[in-house]
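Participant: no FASTA, just this:
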């Protein structure tokens with residue numbers, strides 16, 4: 001069984017159905033909350049995969065994890081996934097749905113890692129630059145990591161710009177240790 005292919009088929013079918021009904025954003029929000037629940041509560045996946053948990057209980061868990069304003073399309077989808085015994089694929093389906101939704105709406109996801117929180121002005125400047133280049137909405141996921149010492153790491157798609165003090169120090173250390181003069 002190829003998990004990637006099956007998950008992609010389910011995610012595409014869900015997006016297609018949601019697009020037909022005009023509820024793709026509501027389904028997207030449900031998926032974001034469900035994904036967050038999977039990350040924050042590892043026991044959720046265990047309960048879904050347990051043969052001791054009844055299908056009705058699994059559905060109740062998923063509804064709670066996906067949020068109180070569950071769309072009808074996503075509710076039906078969860079019932080289908082459980083009926084077809086594909087609960088183990090839910091995290092993968094959620095991830096793929098998010099990617100498909102973002103591609104459909106030309107949304108660009110960026111990650112910005114800094115040693116201190118960035119100001120709103122800098123965030124907006126980055127957003128304007130990326131929006132100009134991509135011609136679509138931009139979501140910037142910010143994270144603070146004091147271990148980078150200073151500078152930043154900016155990722156967009158497959159592109160990664162690492163301008164951190166830690167990386168520069170590691171590069172200098174490598175050059176010094178590999179030097180033929182030592």
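Facilitator: Thanks, I have it. These numbers were taken from a predicted model, which means no experiment stands behind them.

Participant: domains for this structure, by residue range?
Facilitator: Domain assignment for the chain, taken from automatic domain parsing, gives 3-103, 107-177.

Participant: end to end, how far does the shortest one reach?
Facilitator: In domain 107-177, first residue to last residue: 44 Å (Cα to Cα, to the nearest Å).

Participant: same question for that domain, mean pLDDT?
Facilitator: For domain 107-177, mean pLDDT rounds to 90.

Participant: any idea which element residue 8 lies in?
Facilitator: Element membership for residue 8, per DSSP states H and E: helix 3-21.

Participant: Ok, residue 127 next?
Facilitator: Here residue 127 is assigned to helix 120-134, by DSSP H and E.

Participant: now the helix or strand encompassing residue 95: mean pLDDT?
Facilitator: Residue 95 belongs to helix 90-104 when elements are defined using DSSP H and E. Taken as a whole, helix 90-104 has a mean pLDDT of 94.

Participant: Tell me which other helices or strands that helix touches.
Facilitator: With contacts taken as 3 or more Cβ pairs under 8 Å, 6 or more residues apart in numbering; DSSP states H and E, helix 90-104 sits against helix 3-21, helix 24-40. Bear in mind the C-beta positions are built from the backbone N, C-alpha and C, glycine included.

Participant: how about TSV for those, with mean pLDDT, distance to residue 139 and mean neighbour count added?
Facilitator: Below are the helices and strands packed on helix 90-104 laid out as TSV (pLDDT from 0 to 100; distance: least, Cβ to Cβ, whole Å; neighbours: other Cβ atoms under 10 Å):
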stretch	mean pLDDT	distance to residue 139	mean neighbour count
helix 3-21	93	18	16
helix 24-40	93	11	19
